[in-house]
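Engineer: predicted model, plus sequence, below.
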Amino acid sequence: MKVMLRENGPVLIESKGEAKLKQNGEEKEVAGKMVALCRCGQSKNMPFCDGSHAKANFKAPAAEIEL
Ligand code: FES
């Protein structure tokens, strides 16, 4: 699994193996998909990024974690 913090943007999570997103008692299969999670706090579709970070002028450095 790779976790990428985009410069001035969301956290991208790329899963290569089995992976499920659990939210409010619901589960979604996300294996093999790229999931973009908000880290600016401005999304109207939490926990997902909806692009609001650009309008909010969110600033944060990039980083990458491989698990
Ligand atoms: S990081 Fe994109 S809306 Fe928050």
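Structural biologist: Received it, and whenever you're ready, just let me know what you need. Residues are numbered from 1 along each chain as shown.

Engineer: mind giving me the packing neighbours of the helix or strand of the chain with the lowest mean pLDDT?
Structural biologist: Counting by mean pLDDT, DSSP states H and E, the weakest-scoring helix or strand in the chain turns out to be strand 20-23, with a mean of 87. With contacts defined as 3 or more C-beta pairs under 8 Å, 6 or more residues apart in numbering; DSSP states H and E, strand 20-23 has these neighbours: strand 26-29. C-beta: built from backbone N, CA, C; applies to glycine.

Engineer: average pLDDT for the helix or strand following the strand it packs on, rounded please.
Structural biologist: For strand 26-29, the succeeding helix or strand toward the C-terminus, using DSSP states H and E, is strand 34-37. Mean pLDDT, strand 34-37: 93.

Engineer: quick one: contacts of strand 34-37?
Structural biologist: Outside strand 34-37, the residues that touch it by C-beta atoms under 8 Å, 6 or more residues apart in numbering are P10, V11, L12, I13, E14, S15, L21, P47, F48, C49.

Engineer: give me the buried subset of the residues you listed.
Structural biologist: Buried members of those, counted by 16 or more other C-beta atoms under 10 Å: P10, V11, L12, I13, S15, L21, C49.

Engineer: so which of those residues are also by the ligand?
Structural biologist: When contact is defined as C-beta under 6 Å from any ligand atom, the buried ones among the contacts of strand 34-37 meet the ligand at P10, C49.

Engineer: which of the buried ones among the contacts of strand 34-37 fall within strands?
Structural biologist: Within the buried ones among the contacts of strand 34-37, residues falling in strands by DSSP state E are V11, L12, I13, L21.

Engineer: and those residues, which is closest to M1?
Structural biologist: Nearest to M1, judged by C-beta to C-beta, of these is I13 at 6.8 Å.
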